[in-house]
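Asks: here is the input, now give the coordinates:
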Amino acid sequence: MRQVHPWRVLVCACLLTFITGCSYVFSIFQLPATQLYGLSAAMGAYTLTNALAPLPMLLGGYFIDRGRAVWTATIGALCAAIGWASAACASSPLQFVLGYGFIGGIGMGLVLTSALSNTLRFFPGRRGLISGIISCVNGASGIVMAPLAQRLLDSSNLRTTLLVFAGLYAVIALIVAFNSRAAPVEGVAAPATPAPATEPAVEPARASAAAPAVPTVPAEPAPAAEPAPAPARSARPSLTTRQMLATPDFWLIFAIFIAGAFSGLMIVSNAAPIAARMFHFSAASAALFVSLYACAGTAGRFCFGWLADHLGHARTLEVTFCCDAFGLLLLIAGGRGTLAGGIFLAGGLLALGLSYGGTIAIMPACVMDRFGPRWQGINYALAFTGFSVAAIFAPRLGAQIGAMCDGDYTRAFLYAIIASATGLGCARILHLRTRRRRAQITRAA
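Replies: Residues are numbered from 1 along each chain as shown. Predicted coordinates:
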């Protein structure tokens, strides 16, 4: 049995989330896809990709919670490759939706849940930071891929571009299959060597019987993946899915997921049209604004993930929603086709990218911190259904308002501000409940 190297697992997880980060590229694909298949098919494919995610995440979570994370991740990456290759060869709108949206969506869901749920188990004391790093790569994917996608489209066509991306996904699938490892799961025999530091806590009687002459002082444990902070995180018992659904915290997190993803998904899918039609920039300049948004999302994932470990998940979410509303107000106030308009557009996209990236980074660690690591695969998949609810409405709503109002997305931004205010209220309630629970634990101690 080979030694588990958590940092190598983290690298594989980052490669996997690089795949899911290519959703930023869809705003580059939207115009050529609309020309080939129509607006309904183009937006339907993107909506289906995100709306379908909880189903493969639930299925993948079932296998991940039973020690099959590597298998799940590899299948997911291959499905993403097959889906995008099928979309490249599509001869009708339905085939494009089934390839990009259905098959690709299944792959994205499997990839996302395996990358997050498996890796966080290796780092019990740094879940916010590790979640931020993984999500950071997700955002960085858009920085790299948006200009690349635009250049490929300029030099060839949509189908060639999709085939290039599909080939990249297949390569990542092979890398993960041969290098990643599944994390040890409570009650499940892990395929890899578990961290030595956990063995004395599991069976102290057997350890003392096997070596009676050795003092039972844990002075020099073998090098473990994550040493000190584990006990503090694992003190709270893990909740089953049924127990989690019975708590108000889950429904608050569910609502926060909807509100936090609403404006982010609206901007991700419409960033290029917003820059081109509402602010009158060229297609090349619009692609740069997409990269700017992805860059802000990358920074938000890392910074807010780190901040959540120190400030707390709920309080950090309050900050992200305030940042989100501020960015939307900047987009509404920006001038059209002027230098000031470009500044307002850049500032708004920066604020929105920071807030969206922060929300995505915080949520996996927030779910694991509140409901425990044992059933994280399924529990997080259920919480992620809030993201999919937003994915059903937000991208299409933004595109339809832009089409009806001749490229003016102001009304869509106002709807997103209402969603942000709702999320802020839910995050505040979650923070108050967390503070009250900690006070009760302190009094009981």
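Asks: for residue 56, which non-adjacent residue is closest in space?
Replies: Distance criterion Cβ to Cβ, 6 or more residues apart in numbering; nearest residue to residue 56, sequence neighbours excluded, is residue 109 at 3.2 Å. For the C-beta atoms, the positions are set from N, CA and C on the backbone; glycine is no exception.
Asks: count the neighbours of that neighbour for me.
Replies: As a burial measure, residue 109 scores 29 neighbours (other Cβ atoms under 10 Å).
Asks: residue ranges with poor pLDDT in the protein?
Replies: Within the chain, the ranges that satisfy pLDDT under 70 run 1-4, 22-24, 185-236, 335-338, 445.
Asks: how far away is the residue nearest the centre of it from residue 349?
Replies: In the chain, the centroid-proximal residue (Cα atoms, centre = their mean) is residue 360; its distance is 4.9 Å. Between residue 360 and residue 349 the distance is 16 Å, computed by Cβ to Cβ, to the nearest Å.
Asks: show me which helix runs longest in the chain.
Replies: If you go by DSSP state H, the chain has its longest helix at helix 410-444.
Asks: packing partners of it?
Replies: In this structure, helix 410-444 packs against helix 248-273, helix 313-333, helix 385-404, with contacts taken as 3 or more Cβ pairs under 8 Å, 6 or more residues apart in numbering; DSSP states H and E.
Asks: which of those is buried the deepest?
Replies: Each of the helices and strands packed on helix 410-444 was scored by mean neighbour count; the highest is helix 248-273, a mean of 25, by mean count of other Cβ atoms under 10 Å.
Asks: just to revisit the earlier point, nearest spatial neighbour of the residue nearest to the centre of the chain, chain-adjacent residues omitted?
Replies: residue 135 (5.2 Å).
Asks: residues in contact with the helix or strand harbouring residue 164?
Replies: Under the criterion of DSSP states H and E, residue 164 resides in helix 158-179. Counting contacts by Cβ atoms under 8 Å, 6 or more residues apart in numbering, the residues outside helix 158-179 that touch it are 8, 11-12, 15-16, 18-19, 22, 25, 29, 32-33, 36, 70, 73-74, 77-78, 80-85, 87-89, 100, 107, 145, 149, 152-153.
Asks: re the thing from before, and the helices and strands packed on helix 410-444 as a markdown table, adding distance to residue 365?
Replies: Shown next, in a markdown table, are those (distance: least, Cβ to Cβ, whole Å):
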| stretch | distance to residue 365 |
| --- | --- |
| helix 248-273 | 12 |
| helix 313-333 | 7 |
| helix 385-404 | 15 |
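Asks: ok, the closest residue in space to residue 408 that isn't next to it in sequence to residue 403 distance?
Replies: Spatial nearest neighbour of residue 408, excluding adjacent residues (Cβ to Cβ, 6+ apart): residue 278 at 6.1 Å. Residue 278 is 12 Å from residue 403, where distance means Cβ to Cβ.
Asks: still on that earlier bit, check contacts around the residue nearest to the centre of the chain.
Replies: By Cβ under 8 Å, 6+ apart, the neighbours of residue 360 are 135, 138, 260-261, 264, 297, 301.
Asks: what of residue 427?
Replies: Contact analysis of residue 427 by Cβ under 8 Å, 6+ apart lists 252, 256, 314-315, 317-318, 321.
Asks: try 10 Å this time
Replies: 252-253, 255-256, 259-260, 313-322, 359, 362 (Cβ atoms under 10 Å, 6 or more residues apart in numbering).
Asks: now do residue 80
Replies: By Cβ under 10 Å, 6+ apart, the neighbours of residue 80 are 16, 19-20, 22, 49, 100, 103-111, 165-166, 168-170, 172-173.
Asks: buried sites along the one helix or strand residue 293 maps to?
Replies: Under the criterion of DSSP H and E, residue 293 resides in helix 283-311. Within helix 283-311, the residues that count as buried by 16 or more other Cβ atoms under 10 Å are 286-309.
Asks: and it, what other elements does it pack with?
Replies: helix 26-37, helix 127-155, helix 248-273, helix 313-333, helix 339-371 (3 or more Cβ pairs under 10 Å, 6 or more residues apart in numbering; DSSP states H and E).
Asks: relative to residue 412, how far out is the residue nearest to residue 153 when sequence neighbours are not counted?
Replies: Nearest non-adjacent residue to residue 153, counting by Cβ to Cβ, 6+ apart: residue 161, 5.6 Å away. From residue 161 across to residue 412, the span is 27 Å (Cβ to Cβ).
Asks: need phi/psi at residue 405.
Replies: Main-chain torsions, residue 405, degrees, to the nearest 10: phi -100, psi 20.
Asks: ok, it touching residue 411?
Replies: Yes. The criterion here is Cβ atoms under 10 Å, and residue 405 meets it with residue 411 at 6.7 Å.
Asks: quick one: the strands in the stretch 1-150 of the chain, in order.
Replies: For the stretch 1-150 of the chain, no strands are identified by DSSP state E, counting those that start in this stretch.
Asks: quick one: the helices in it, in order.
Replies: Shown for the stretch 1-150 of the chain, the helices assigned by DSSP state H, counting those that start in this stretch span residues 6-20, 26-37, 39-51, 54-64, 69-88, 93-96, 104-120, 127-155.
Asks: turn these into JSON lines, including distance to residue 374.
Replies: What follows is the helices of the stretch 1-150 of the chain, written out as JSON lines (distance: least, Cβ to Cβ, whole Å):
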{"stretch": "helix 6-20", "distance to residue 374": "19"}
{"stretch": "helix 26-37", "distance to residue 374": "35"}
{"stretch": "helix 39-51", "distance to residue 374": "27"}
{"stretch": "helix 54-64", "distance to residue 374": "11"}
{"stretch": "helix 69-88", "distance to residue 374": "14"}
{"stretch": "helix 93-96", "distance to residue 374": "40"}
{"stretch": "helix 104-120", "distance to residue 374": "11"}
{"stretch": "helix 127-155", "distance to residue 374": "14"}
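Asks: which of the ones you listed sits most buried?
Replies: Of the helices of the stretch 1-150 of the chain, the one with the most neighbours on average (mean count of other Cβ under 10 Å) is helix 104-120, at a mean of 29.
Asks: what's near enough to touch the spatially closest residue to residue 169 that is not a sequence neighbour?
Replies: Ranked by Cβ to Cβ, 6+ apart and with sequence neighbours excluded, the top spatial neighbour of residue 169 is residue 81, at 3.8 Å. Residues near residue 81 by Cβ under 10 Å, 6+ apart: 19, 103-104, 107, 163, 165-173.
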